[in-house]
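> next come a sequence and a model predicted from it.
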Amino acid sequence: MRKVVVITGANSGIGLALCERLLSKDDQIHLCLACRNLQRAENARTALMTSHPSADIGIVQIDVGSIKSVLRGAKELRERYKRIDYLYLNAGIMPNPRISFKALITGLFSSKVISMFATGEGLLTQEDKVTEDGLQEVFETNIFGHFMLIREIEPVLCHADGPSQLIWTSSSNARRSAFSLTDYQHVNGQESYSSSKYAMDLLSVALNKHYNQQGMFSSVVCPGFVLTNLAYGILPQFIWMFIMPIMWLVRLLTNTFTLSPYNGAEALLWLFGRKVESLDSLVKYHSCTSGLGNNYVQSSKMDLEEESSDLFYQKILDLEKEVRKKTNP
Ligand SMILES: NC(=O)C1=CN([C@@H]2O[C@H](COP(=O)(O)OP(=O)(O)OC[C@H]3O[C@@H](n4cnc5c(N)ncnc54)[C@H](OP(=O)(O)O)[C@@H]3O)[C@@H](O)[C@H]2O)C=CC1
Ligand SMILES: CC(C)CCC[C@@H](C)[C@H]1CC[C@H]2C3=C(CC[C@]12C)[C@@]1(C)CCC(=O)[C@@H](C)[C@@H]1CC3
């Protein structure tokens, strides 16, 4: 029986590189590209079929920034698949990022220079907005839309014939101080990305607590810093290309400058086929690339307490109830 692998945000960057790498690892899988834009998804499928002509690839339209679209897409998934073995929750945004050059220069001459490059801590702010669903866009796209998707396809994820895995593309930019339980959507503040990724880490821990018994396991990954459309929103592509030699030098300092989507997908690929008993719920799996360009995976304990994860889970369940009431009064 073919393993069914669904990937959100599969049409570009890390998601698309993951598709390529999964097909090279196991050409017997059924891949489902869950994307918001059908044309971009078709282009991705064409590119994947060129390198893997016998690949079995489906497409489902899901905009994780819209509850209506998630409900429709989830219904299609339930109807199409009896079970889903892997769900990569990878789609994500960082809208209107701004670099603090002052913090960058100060950081360069401080003892925190390595961690600054590894996490981007204190270097970026974003401008968020409210969606048609009345939620903060970064929160809804990066977290809540994905959470609703999981809840909606629960019957095909939790099945008797073997465990299923959820794999979240989180970030080392996830930071406790950017997140607040009383403002978990990050209405007040300018670090919505960091907050959403921290919320993702908390949610993954809670999902393990509530779903492991039912055969569903959740892990979080940091792909490292990768040059994708997300990074081209921070600085234009030609500037990144221009400073590439500096970035290779930075890679000698920190193994987290993975730079290419291929390298960034390392930990996401590593989790595919892993025995679920060997996974640690409280750990983040990082894609790393050495100065010589070798890829490997490193794990690190996350900076969180299970109690906060429980409290956040309760809040997200309350929000789910509220949203369902609005959608289906
Ligand atoms: N690049 C980096 O350095 C890092 C990235 N990450 C994370 O990796 C993930 C992938 O990003 P990356 O590959 O870098 O960037 P890309 O912008 O290349 O990929 C993002 C993907 O998410 C999709 N997406 C965005 N919004 C939605 C939505 N509302 N509904 C459905 N799909 C959507 C995009 O689709 P579309 O093409 O239609 O916009 C695209 O396919 C993100 O979660 C990001 O936060 C984590 C750490 C570092
Ligand atoms: C290397 C150059 C000379 C200067 C680049 C400075 C910054 C723009 C980058 C340094 C570290 C980068 C980084 C990210 C964005 C760009 C930087 C701040 C991320 C926050 C992007 C999204 C993520 O999820 C993180 C893992 C990245 C961490 C590093």
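The structure has been received and is ready for your questions. Quick caveat: nothing in here was measured; it's all calculated off a predicted structure. Ligands and ions are numbered 1, 2, ... in the order given.

> strands along the stretch 51-200 of the chain, start to end?
For the stretch 51-200 of the chain, applying DSSP state E, counting those that start in this stretch gives strands covering 56-61, 86-89, 98-99, 124-125, 164-169.

> mean neighbour count added to the ones you listed, as CSV?
Just so you know, the C-beta spots here come from the backbone N, C-alpha and C atoms, and that holds for glycine as well. Formatted as CSV, the strands of the stretch 51-200 of the chain follow (neighbours: other CB atoms under 10 Å):
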stretch, mean neighbour count
strand 56-61, 17
strand 86-89, 26
strand 98-99, 12
strand 124-125, 18
strand 164-169, 25
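
> redo these as JSON lines? Include distance to F272 and mean pLDDT.
Shown next, in JSON lines, are the strands of the stretch 51-200 of the chain (distance: least, CB to CB, whole Å; pLDDT from 0 to 100):
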{"stretch": "strand 56-61", "distance to F272": "16", "mean pLDDT": "98"}
{"stretch": "strand 86-89", "distance to F272": "6", "mean pLDDT": "98"}
{"stretch": "strand 98-99", "distance to F272": "34", "mean pLDDT": "96"}
{"stretch": "strand 124-125", "distance to F272": "30", "mean pLDDT": "96"}
{"stretch": "strand 164-169", "distance to F272": "8", "mean pLDDT": "98"}
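
> which residues sit in contact with the residue nearest to F144 when sequence neighbours are not counted?
In space, and not counting its chain neighbours, F144 is closest to L135: 6.2 Å by CB to CB, 6 or more residues apart in numbering. Applying CB atoms under 8 Å, 6 or more residues apart in numbering to L135 gives the contacts F144, Q185, V323.

> from these, which ones fall inside helices?
Of those, the ones assigned to helices by DSSP state H are V323.

> filter the contacts of L135 down to the buried ones and hand me the PyMOL line.
The PyMOL selection below is limited to those of the contacts of L135 classed as buried (16 or more other CB atoms under 10 Å):
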select buried, resi 144+185+323
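
> contacts for the helix or strand where A231 lies, please.
Using DSSP states H and E, A231 sits within helix 229-232. Helix 229-232 is contacted by residues S12, G13, G92, I93, M94, F225, W240 when judged by CB under 8 Å, 6+ apart.

> now check stretch 176-184, is it near ligand 2?
No. Judged by CB under 6 Å from any ligand atom, stretch 176-184 and ligand 2 are separated, with a smallest distance of 11.5 Å.

> can you give me the buried ones in that stretch?
R176, A178, F179, Y184.

> contact residues of the chain facing ligand 1?
8-9, 11-15, 35-37, 40, 62-65, 90-93, 141, 169, 171, 222-223, 225-226, 228-231.

> in helices, which of those fall?
G13, I14, G15, R40, N229, L230, A231.
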